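Build me a model:
(one chain, ligands or ions: 1)
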Amino acid sequence: MLRPYAIRHLRAQFPERLIYNICVDTIGVLALQGDFIEHEASLRRLGVRARQVRKAEELRGLDGLIIPGGESTTFCRLMSDFRLYEPLGAFLRTGVPIWGTCAGMIMLAKQASDLDFPTLGAMDIAVLRNAYGRQVDSFEADIPVKGIGPEPFHAVFIRAPVVDMVGPGVEVLATAWDEKLGAETPVAVRERQYLATSFHPELTQDTRIHAYFLEIVRTEGRSSSPK
Ligand code: GLN
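Got it, this is the predicted structure:
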């Protein structure tokens, strides 16, 4: 592992993409369905190798995993058909950092409404699927996100889940206004090595949230200890 002073030194000299290239080896992107290609592109922009994961063997040796947006019922059905529930559960127990976007957030939640399959249950959050209501089921908003710098992030929401409950160990990194509820609700949450966003950073050119995840991988993941 590189020590903090070495990272600072490298950062002063090289662009961000090279730093992650040095600190993080391979991030997997679950590629059963959804926008996995866009996540791969964002990771590559940061200089990190990405691997599409469809089989249990492809989870081996990863430093982190992204579960993309898509349709959670389809994900679950494919996970069951591809016999991925058990291997993903085992992968989770090894403590490797995981980030879920939108449907991926639903997969990480302990509880999800209106889903006939189990979730992976990694995070102490409850989500309501498709709860923004039809007329505003897709929208965009510029929101501040903790940990990525002062500039707001252009967040794209597509039939996003509403985060209904967050447990005491969960840090809320960003909120957005929910018309239907008339309140701010969490849209980016972190619990130790797990990150979930109800919006889609991979659909923008802004790689700051991908970089934030890579920072979790670097500091909390197994790349921070000898392999
Ligand atoms: N509405 C989808 C679901 O319930 C999620 C949409 C998305 O990932 N963009 O799974």
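
buried stuff in the longest helix along the chain?
Criterion DSSP state H: the longest helix present in the chain is helix 208-220. Using 16 or more other Cβ atoms under 10 Å as the test for burial, helix 208-220 gives 208-218, 220. Using the backbone N, CA and C atoms, a C-beta is placed for each residue, glycine as well.

Where do the helices of the chain begin and end?
Taking DSSP H as the test, the helices found in the chain are 4-13, 16-23, 36-45, 72-81, 85-93, 103-108, 208-220.

which residues touch the nearest residue to residue 71 once chain neighbours are set aside?
Residue nearest to residue 71 in three dimensions, not counting chain neighbours: residue 103, with 5.9 Å by Cβ to Cβ, 6 or more residues apart in numbering. Counting by Cβ atoms under 8 Å, 6 or more residues apart in numbering, residue 103 makes contact with 34, 67-72, 75.

For the longest helix of the chain, what is the distance to the chain centroid?
Helix 208-220 sits 10 Å away from the centroid of its parent chain (Cα atoms, centre = their mean, to the nearest Å).

hey, C-alpha coordinates of that helix in PDB?
What follows is helix 208-220, C-alpha atoms only, in PDB (Å, rounded to 0.1, in the frame of the first residue of the first chain):
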ATOM      1  CA  ARG A 208     -16.000  12.700  -9.100                       C
ATOM      2  CA  ILE A 209     -18.300  10.100  -7.600                       C
ATOM      3  CA  HIS A 210     -16.400   7.300  -9.300                       C
ATOM      4  CA  ALA A 211     -13.200   8.800  -7.900                       C
ATOM      5  CA  TYR A 212     -14.900   8.900  -4.400                       C
ATOM      6  CA  PHE A 213     -15.700   5.200  -4.700                       C
ATOM      7  CA  LEU A 214     -12.100   4.500  -5.800                       C
ATOM      8  CA  GLU A 215     -11.000   6.400  -2.700                       C
ATOM      9  CA  ILE A 216     -13.200   4.000  -0.600                       C
ATOM     10  CA  VAL A 217     -11.500   1.100  -2.400                       C
ATOM     11  CA  ARG A 218      -8.100   2.500  -1.700                       C
ATOM     12  CA  THR A 219      -8.700   3.200   2.000                       C
ATOM     13  CA  GLU A 220     -11.200   0.500   3.100                       C
END
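
And the contacts of that helix?
The contact list for helix 208-220 (Cβ under 8 Å, 6+ apart) reads 16, 20, 23-24, 27, 39, 42-43, 45-46, 48, 63-64, 66, 97, 99, 145, 147-149, 153, 188, 190, 192-193, 195, 197, 201-202, 223-224.
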